[in-house]
Every structure is written in C-alpha cells, then in structure tokens.
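Asker: heads up, no residue letters with this:
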C-alpha cells in the first residue's frame, strides 16, 4: 500500500545517504578529524549525523560544554551539522576569529611608515663599520689604494727608490771583490774585502727594514679612508714624522725578538751535533734528525712570533704609543684570534709574493741583458735598484690589508665601530 511504499523509499534514502557519507574522501585542506579520548568529554558526531538514531554520545567532563570540542579548530562545524545561530552565541558576521595573541601582528594602516626589519651597517669610508670578512678586507684594500694613490703609491715608490738606490750603490761598490773571487777561486779574500761584504749585507738589511718601517705612514692614509677622508702627502708626513724614531726602535726590537728566538731554538736542537763535532766524533743519524727537527721548530716559533707582533707598527703609529707598549698592544689584539690573524697574514703574504715574483722576473731579464752586454757589477746593482723600486707598487696592498686587519680586530674585541662612527659625526 502507500504507507509501506513511503517507508521503503525513506529507508532507501537513509541507506544511500549513509553509503555516500561513508565513502566520501577527505578534502586536502580540511582540518583534521576531532579526536576523542578518555576524559575528553566531547560529543563526536558520526558520519551519519543526519540519522537521529545513529549518534554516538560519550560522557562529558564537568565544565566542558557538550557541543564544543577543545581539539577542533575554532569556528569549524563538522559535516552534517548546522552552524550555531546568533541566539546560540555565534557571531552573525564571522564564523572564525583567531585566538588572542596568535598569528602575526596586524599590518600597519595604509600610509603608515613601516619600520625596517634590517638595515646595512654604516659605511662612511672604504669598509662597513662591523666585523669584516675576507671579502671586505680585499675590497677595502683596493678601495683604500684607489682613493688616495698619491700617498699609497707615490710615497711608497719614493721611499723604496731611495732605499733601493742606497743598497744598489753599496752592492756595486762591493761586487768587484766578489766577482774577482769568482774569477779566481783559488785566491782568498782579504780582511778588507770580507768586511766590505759584511757591511754590504748589513746595509741592505738595515735600509730594507727602515724603508718598510717608514711605509707605516700608509696606515694613516688607510685609517682616514675608513672614515671617508683623504689625506694628502704633506699632512701624512707631518703626522708620521714624530713617530719615525719610535718606528726604528720597534723595528730593531721586533727583529731582535724574532731572530733571537729562531737562533736560540736552533742552538738548543743543534747542541748534540755541536758536542759530537767538538769531540772529534762522526755525527750519527740521530743528531742530524734532531737538527732538522730543530729547524722546523724554529720556523714555527718564528711564524708564531711574527703573527703575535703583526700589529705593533700599526698600533705605534695610529695610537701614538712607544715600542714596548706597541709590543704589548699587538700581543693583546692577536691573542684571542691568533688563527684568524695567521690565516689572513699567510694569504696576503702569498698574494704579494706572487705579484713581487712576477715583477722580479721581468726585472731580472732586463738585468741579465745588461750583464751580458755591459758591466756585470752594474747589471747586478741595476737589478737591485729596479726590484726594490717596483716593489713599492706591491707594498701598499700589504700595508692596507694589515691595517684593515688591525681595525677589524679592534671592532670585534673593543666595539671600535661605534668609536669610528662617532668620529665621522660633526
């Protein structure tokens, strides 16, 4: 009859609805299904929520409303349930609001200034006023050289030309005795000739060392370039002139420390060999190996001391202190960052040595031609003069790099960047 037909159709409709909901795939952007457990106190609707006879009810914990799931996304209504009406406490204009304190801050109003999240370090001169990386050091070095070539290149070449000229003249005057001894190997050098050669070697070493010390004036130009200033040659010489004698003292002091440590270590390791030879015995392999080990240790000690004393001349000029204070200052600055300073020093030494080698090769070819076509003594002196003079184009690179290393260590250890920034302000 009609009633039975209606009942059958209703049952079929309910069954179809249950089957469709049971086989429905979840949407990839839908929130996770509510999870209930012991003590959750939630009302979990089944997938057949349209069927009033198929609802699973769990016990509720006191204080939790039966219609709210504490693990569900706020404002989300499970499938099959109608959203609460305004009378039930829901907002009529929005179905979801973020919880207080969650998410990002609201964007500023239109036209309001947006505070920057990052600002670059101030850079009034050739490098930014912050701890410097290797790229900053090389970039700042070439910027400093280009910003003031009259001082960086002009003064350097002038000083090295004078120093090289003195060395070349002494070599030319003393090379006659040496060449004569090479032509006559059986002939012995007289005492006067030996003294002349020793004087020549000492003169070359002294003039080279003093020339390198005078070139510390380049540190003033680099320090001013960091502040965005350009120093002319007259001003640089006026400022460095009172520091010449302290620079000479520092040069002698550092040379005595490094060379003294080298020969002391070498003497200690060579003592067994000396005792063996003094006794008229033939030295064994053990004594020779100890001496070779001593040479390696002496070289390492020399490298260590050269690194720890690297900033002495720069500190002496820029901080206007004496030789002993410069020694302590360099030792303090290089202590916490010894390996970083050592690596950078070795790198710039290799770079400048490669450039100097290329220049020296070209000059040697010219000197060889002069020796073949003319006087050998004059050709040797000419090579000495040209090699020293042309090296004046390489020394400013090393001087600028070492000065920036000194400033970098002070910015890292003493917050020197703020001091430099204050110095740029009127």
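Answerer: That came through, no problem. It should be emphasised that the depicted structure is a prediction, and the values quoted were computed from it without experimental measurement.
Asker: burial count for residue 127?
Answerer: Using other Cβ atoms under 10 Å, residue 127 is surrounded by 24 other residues. C-beta here means a position set from N, CA and C on the backbone, and glycine is covered the same way.
Asker: I misspoke; the intended subject was residue 348.
Answerer: 20.
Asker: Quickly find the element holding the nearest residue to it once chain neighbours are set aside.
Answerer: Take residue 348 and drop its neighbours on the chain: the residue closest to it by Cβ to Cβ, 6 or more residues apart in numbering is residue 401, 4.6 Å away. Using DSSP states H and E, residue 401 falls within helix 395-414.
Asker: what packs against that helix?
Answerer: helix 134-147, helix 156-183, helix 217-226, helix 312-318, helix 323-334, helix 338-373, helix 416-424 (3 or more Cβ pairs under 8 Å, 6 or more residues apart in numbering; DSSP states H and E).
Asker: average model confidence for it?
Answerer: What helix 395-414 shows for mean pLDDT is 93.
Asker: Over to stretch 418-426?
Answerer: Mean predicted confidence for stretch 418-426 is 85.
Asker: in it, what counts as buried?
Answerer: Residues of stretch 418-426 classed as buried by neighbour count (16 or more other Cβ atoms under 10 Å): residue 420.
Asker: what does that stretch contact?
Answerer: With Cβ atoms under 8 Å, 6 or more residues apart in numbering as the test, stretch 418-426 has contacts from 122, 124, 129, 226, 227, 228, 407, 411.
Asker: Quick check: phi and psi on the second one?
Answerer: Summarising the backbone geometry of residue 124 under the convention degrees, to the nearest 10, its torsions are phi -80, psi -20.
Asker: need the helices and strands packed on helix 395-414 in JSON lines with distance to residue 296, can you?
Answerer: Compiled in JSON lines, the helices and strands packed on helix 395-414 are given as follows (distance: least, Cβ to Cβ, whole Å):
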{"stretch": "helix 134-147", "distance to residue 296": "28"}
{"stretch": "helix 156-183", "distance to residue 296": "31"}
{"stretch": "helix 217-226", "distance to residue 296": "33"}
{"stretch": "helix 312-318", "distance to residue 296": "26"}
{"stretch": "helix 323-334", "distance to residue 296": "22"}
{"stretch": "helix 338-373", "distance to residue 296": "17"}
{"stretch": "helix 416-424", "distance to residue 296": "37"}
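Asker: what's the closest of those to residue 242?
Answerer: helix 312-318 (10.0 Å; Cβ to Cβ).
Asker: for the helices and strands packed on helix 395-414, which one sits closest to residue 250?
Answerer: With Cβ to Cβ as the criterion, residue 250 lies closest to helix 323-334 of the helices and strands packed on helix 395-414, at 4.2 Å.
Asker: For residue 275, find the nearest of the helices and strands packed on helix 395-414.
Answerer: Comparing these by Cβ to Cβ, helix 156-183 comes nearest, at 33.5 Å.
Asker: about what we covered before: distance of the residue nearest to residue 348 relative to residue 293?
Answerer: Distance, residue 401 to residue 293, by Cβ to Cβ, to the nearest Å: 33 Å.
Asker: Looking at the two, which is more packed in?
Answerer: residue 401 (25 against 11).
Asker: My read is that that one contacts residue 139, right?
Answerer: No - assessed by Cβ atoms under 8 Å, residue 401 is found out of contact with residue 139, at 10.9 Å.
Asker: Overlap in contacts, the two.
Answerer: In contact with both residue 401 and residue 139: no residue, using Cβ under 8 Å, 6+ apart.
Asker: so what's residue 366 closest to, chain neighbours aside?
Answerer: Among residues not flanking residue 366 along the chain, residue 386 sits closest, at 7.0 Å (Cβ to Cβ, 6+ apart).
Asker: wait, what's in contact with residue 154?
Answerer: residue 233 are the contacts of residue 154 under Cβ under 8 Å, 6+ apart.
Asker: With that, I have no additional questions.
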